[in-house]
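> Here is my input; please provide its structure:
(4 chains)
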Protein chains: 2
Amino acid sequence: MASIKDVAAEAGVSAATVSRVLNDHPSVSAEARARVMTAVAALGYRPNAVARSLRTDQTHTFGLVISDVMNPYFTELARSVEEEARALGYSVIIGNADERPDLQDHHVRNLLDRRIDGLLVSPTDGGSPLMLDAARGGTPMVFVDRWIPGVDVPVVRADGRGAVRDLVAHLHGLGHRRLAIIAGPAATTTGSERVEAFRAALAEYGIPLPDAYTGQGDFQAESGRRVTEGFLDLAEPPEVVFAADNLMALGALDAIRARGMRVPDDIALAAFDDIPWFVHTDPPITAIAQPTGELGRAAVRALVDRIEGRPPQSVTLPARLVVRRSCGENPASSEPSPVTNRSHS
Amino acid sequence: MASIKDVAAEAGVSAATVSRVLNDHPSVSAEARARVMTAVAALGYRPNAVARSLRTDQTHTFGLVISDVMNPYFTELARSVEEEARALGYSVIIGNADERPDLQDHHVRNLLDRRIDGLLVSPTDGGSPLMLDAARGGTPMVFVDRWIPGVDVPVVRADGRGAVRDLVAHLHGLGHRRLAIIAGPAATTTGSERVEAFRAALAEYGIPLPDAYTGQGDFQAESGRRVTEGFLDLAEPPEVVFAADNLMALGALDAIRARGMRVPDDIALAAFDDIPWFVHTDPPITAIAQPTGELGRAAVRALVDRIEGRPPQSVTLPARLVVRRSCGENPASSEPSPVTNRSHS
DNA sequence: CACGTCGATGTAATCGATTCCAAGCAATCG
DNA sequence: CGATTGCTTGGAATCGATTACATCGACGTG
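The predicted model follows:
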C-alpha cells in the first residue's frame, strides 16, 4: 500500500507538501498541488488513518455501546446514530453488551484502547469502575436512553411519564382495574423509572401496584415469559400485563398463548417501546413509542459538541402512546391525541 | 493518558522492557516483570492500540458490511459474527449499507483507510470498482449470504433450493396452483437465485412462473407492499405470494390487509428468512429459515483463516422450511421433516 | 542598494508502540 | 584463567502521518 513518501517521490516534492495538499493548507503553489493530485490518483493513494490518528490524537470515531443489538429499538437507535455521525464527519463503532455488564466493560475497554474521540452509552448496569473512571477521566461521553445517576454526563432520553399516564387512562377507560408490570433490571434507569411512572399513574386512579403484580424481568423475551407465567399462576391474575420493553412483551405473549388464553379477551397486553412489528402481531400491540431517531441524532449532536469543545446539552423528548388492539377494543379512534408535554434538563 | 515511557520511568526500566513484558516475550527477568506489572497497575496504563497497529501493521479488527441493519436477519448475523470474532481475539466494525451501493462504498473505503485486517461483505450490488480492486488487491475478504460472481473470494451462504422445493411441495399439497414471487434486486445473488429456485421447483409440478407473477422488489418492506398491490390488481391474482425476504413479506401483509383480505383464507403468504417475530404475526408466517448463527461463525472462521495465512474455505449450509399457518391449515404437523441435503464447495 | 516581508518548500521532531542489534554480565567450559 | 555461551537489557530505528521551524527567493520600500 502506497504511503505519503511514495506520493512525494512520484510528485517530486517532500512529504510535507503532500500532507499540506491533502489537508488543504493555504500555502501550497497551484503547480505543486496539481502534481500531488496527479501522483495521488496515479498511485491510488489513501492516507493511513492509523498513522494520522497517532499523530493528531484524533480518530474521528466514537463508540456506541448498546445493551442489545437484537432489540429493534436499539438497532433503530444505532442506525440513526450512524447516520447523524456520518453527516458530521464521524464514524461509529458499535459494541453490543447483550445486557451483560462484563461484555459492556469489554467493549468500553476496547473502544478506549482504540482512542475513540467519544463514547455514547446506554448502560446495562449502574456503572462499573471502568466506566465511571472514563466518565470522570475526561473521556467525552453521553448517555442515551438509560443513564447512570450521580455521574456528570449529559443524558439524551425520552420521558415516558405522560405516555404511561395516557396508557393507564386508556386501560382504566376499558374497565381494567388489576394491572401488572414486568419491570426491567433495577440497575437500569429505564428499569426502575417505568415502574415508578406506572405506579404514579395508577395512584391517580386510586389503584395500588402490589408486589405480586410487579415482576422482575431483564429486558429479554425469556424473562417476560417467566414473569407472565407467575402472574397467571396467581389466585387472582392481573387483567393487564404491561411489559417495560418490547422483547418482554413478546415473551408475555408467548406465555399467554401457551395457556390457550387470548389477547385481549382473556388478558390485555401493552409494551414500552414501539416497533414496526407490533402492527403485525396477533393482535396488534398497544405500545409507548419513543422518538428513537430523534434521540439518536440528538445524542450524536451532544457528543460532537462535547468533543469539539462546545457545551453539550442534555435532551429529554416526550414518548407517546400508540393504541392498538391488545388491551381491548376502543371503538373511538386508533391513534389518540398525542402527548404534548415537552421537557428538557 | 499514560504512555509506555511513563511506565518505563515508573518501573525504572526501558520502554523496550515494558513492551516485552506486555507481549510476554520470554527473556525478561522475573524481577523486571514484577516491577513493570506494578507500574502498569499504578498508572492504570493501557497500550495505545493506534500506535501498536501502526507499528505492527495489524489492527486485529475486521469490517462487516451488511446491506441493512434494520433487517433482523442481518442483525442476527452481525451478532454471531461479533461473538465468534471476539472469541478469536478480533473486533468487528459494522458498516450498514442500507441497500445503497454508494453507502456500501463509503464503508468499504472507510474500513480500508483504517487498515482493518479483513472484510466480511454481504454485497448490495454486483460490485463497485472499489470493492473489486480490494478483493483483487489482496485485502482478505469473505462474502456472506450474498456474493459477487467471478471474484475469487470465499463465500459462506445458505442453499435454499431444497427448502424452496419443500415449500412448493407444501403449497401444492394445499391445492395452490397460481404462485407469485416478490424478487430481490437482480444485482444481488440472493435476489436472482431465489427466483430461480422457485421457478425450478414449480417446474417439477409443471407450473409456470409467468412474468406477471414475478415482481421486482428491493428487499425493503415498501417494495413488498407495492409489488403485492400489483399482484392483487391482476385480473387473475395469485393464490400465494412468496417474498424473497422477511421485510418484503411484511409489506405484502400490509397490502393484503389494506384490501381487507385475510391470510391465508384469501391469499397465502410465505417468506424467505425466518425471524422470531414471524411466530407472533397474524397469522404466523411460513418461512424458510437460514442457519444464521452458523453462517456468521463460519464466515468469521473463513476470514480469520485467510488473515492468518491458512487456506480459507467456502461453506454452504442448507436452509430449511418452517411451516406455520400463513399458507393454509395443515392438520398434519407444524414442523415438517427437516431438509437433509447438505452441500459444500 | 540593503533590508524586511511574504509565500512556498524542505528538514526534522514527534506521536506510542515494537523489534533488531549490541552490550553487559554471569555462568560454564576447555 | 581466558573464552564462549546465554540471558537480560537498553539504544535506536521504524511504522506513516502532521507540523514547528528554518530556508530560500522574489519583491517592495526607504
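> Helices of the stretch 1-150 of chain A, start to end?
Per DSSP state H, counting those that start in this stretch, the stretch 1-150 of chain A carries helices over the ranges A:4-11, A:15-22, A:30-43, A:49-56, A:72-87, A:101-113, A:129-136.
> so which residue of the stretch 201-345 of chain A comes closest to DNA strand D?
residue A:308 (14.9 Å; C-beta to the nearest atom of the strand). Glycine gets a C-beta too; all of them are placed from N, C-alpha and C.
> Which pLDDT value does the model give the closest residue to residue A:121 other than its chain neighbours?
Nearest residue to residue A:121, sequence neighbours excluded (C-beta to C-beta, 6 or more residues apart in numbering or on different chains): residue A:65, at 4.7 Å. pLDDT for residue A:65: 97.
> what's near enough to touch residue A:65?
A:94-95, A:97, A:104, A:107-108, A:111, A:119-123 (C-beta atoms under 8 Å, 6 or more residues apart in numbering or on different chains).
> May I see the buried residues of stretch A:291-298?
Buried residues in stretch A:291-298, defined by neighbour count with 16 or more other C-beta atoms under 10 Å in any protein chain shown: A:292, A:295-298.
> Now secondary structure too, for those, in a markdown table please.
Converted to a markdown table, the buried residues of stretch A:291-298 look like this (DSSP: H, G, I helix; E, B strand; the rest coil):
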| residue | secondary structure |
| --- | --- |
| A:292 | helix |
| A:295 | helix |
| A:296 | helix |
| A:297 | helix |
| A:298 | helix |
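> If residue A:64 is in a bridge, with which residues?
Beta bridges link residue A:64 to residue A:94, residue A:120 when assigned by DSSP bridges.
> So it sits against residue A:92, correct?
Yes: contact criterion C-beta atoms under 8 Å: residue A:64 and residue A:92 qualify, at 5.3 Å.
> How much space separates the residue nearest to residue A:121 from residue A:113?
Plainly put, residue A:65 is 14 Å away from residue A:113 if you go by C-beta to C-beta, to the nearest Å.
> What's the per-residue pLDDT of the residue of the stretch 201-345 of chain A closest to DNA strand D here?
Turning to residue A:308, the model gives it a pLDDT of 95.
> Now do the phi/psi pair for it.
With angles defined as degrees, to the nearest 10, residue A:308 sits at phi -90, psi 10.
> burial count for it?
12 (other C-beta atoms under 10 Å in any protein chain shown).
> Now do the contacts for it.
Counted by C-beta under 8 Å, 6+ apart, residue A:308 has zero contacts.
> measure the residue nearest to residue A:121 to residue B:66 for me?
19 Å.
> Please name the nearest non-neighbouring residue to residue A:57.
Closest residue to residue A:57 apart from its sequence neighbours, by C-beta to C-beta, 6+ apart: residue A:115 at 7.4 Å.
> low pLDDT regions in chain A?
By pLDDT under 70, the weakly predicted segments of chain A are A:330-345.
> hmm, 80 instead?
A:329-345 (pLDDT under 80).
> mind giving me the domain split of it?
A:4-47, A:56-157+A:293-317, A:159-290 (automatic domain parsing).
> okay, these in TSV with distance to residue B:178 next?
Listed next are the domains of chain A as TSV, based on distance: least, C-beta to C-beta, whole Å:
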stretch	distance to residue B:178
domain A:4-47	53
domain A:56-157+A:293-317	34
domain A:159-290	24
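> What's the local residue count around the residue lying closest to residue A:179 once chain neighbours are set aside?
Among residues not flanking residue A:179 along the chain, residue A:240 sits closest, at 4.6 Å (C-beta to C-beta, 6+ apart). Applying other C-beta under 10 Å, we find 26 other residues in the vicinity of residue A:240.
> residues in contact with the helix or strand harbouring residue A:198?
Element membership of residue A:198, judged by DSSP states H and E, is helix A:189-203. Helix A:189-203 is contacted by residues A:145-149, A:160-161, A:164-165, A:167-169, A:179, A:181, A:183-186, A:208-209, A:214, A:219, A:242, A:244-245, A:272 when judged by C-beta under 8 Å, 6+ apart.
> Enumerate every residue touching the residue nearest to residue A:21 when sequence neighbours are not counted.
Once flanking residues are discounted, residue A:21 sits nearest to residue A:36: 4.3 Å by C-beta to C-beta, 6+ apart. Going by C-beta under 8 Å, 6+ apart, residue A:36 touches A:7, A:11, A:13, A:17-18, A:21-22, A:28.
> switch the cut-off to 6 Å
By C-beta atoms under 6 Å, 6 or more residues apart in numbering or on different chains, the contact list for residue A:36 reads A:11, A:18, A:21.
> tell me, how many neighbours does the last one end up with?
Other residues near residue A:21 come to 21 when the count uses other C-beta under 10 Å.
> next one: residue A:43
Neighbours around residue A:43, by other C-beta under 10 Å: 16.
> wait, isn't it in contact with residue A:2?
Yes: contact criterion C-beta atoms under 6 Å: residue A:43 and residue A:2 qualify, at 4.3 Å.
> Please list the residues of the stretch 101-250 of chain A that sit near chain B.
For the stretch 101-250 of chain A, the residues in contact with chain B (C-beta under 6 Å from any C-beta of the partner chain) are A:110, A:113-115.
> Serialize those residues to CSV and add fields for distance to residue B:193 and neighbour count.
Formatted as CSV, those follow (distance: C-beta to C-beta, whole Å; neighbours: other C-beta atoms under 10 Å in any protein chain shown):
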residue, distance to residue B:193, neighbour count
A:110, 37, 19
A:113, 41, 15
A:114, 38, 21
A:115, 43, 19
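> Just put those in a markdown table and tack on distance to residue A:47.
Output for these, formatted as a markdown table (distance: C-beta to C-beta, whole Å):
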| residue | distance to residue A:47 |
| --- | --- |
| A:110 | 24 |
| A:113 | 22 |
| A:114 | 18 |
| A:115 | 17 |
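> Name the residues of chain A found near DNA strand D, please.
Contact residues, chain A versus DNA strand D (C-beta under 7 Å from any atom of the strand): A:1, A:3-5, A:15-16, A:19-20, A:22-23, A:47-48, A:51-52, A:54-56.
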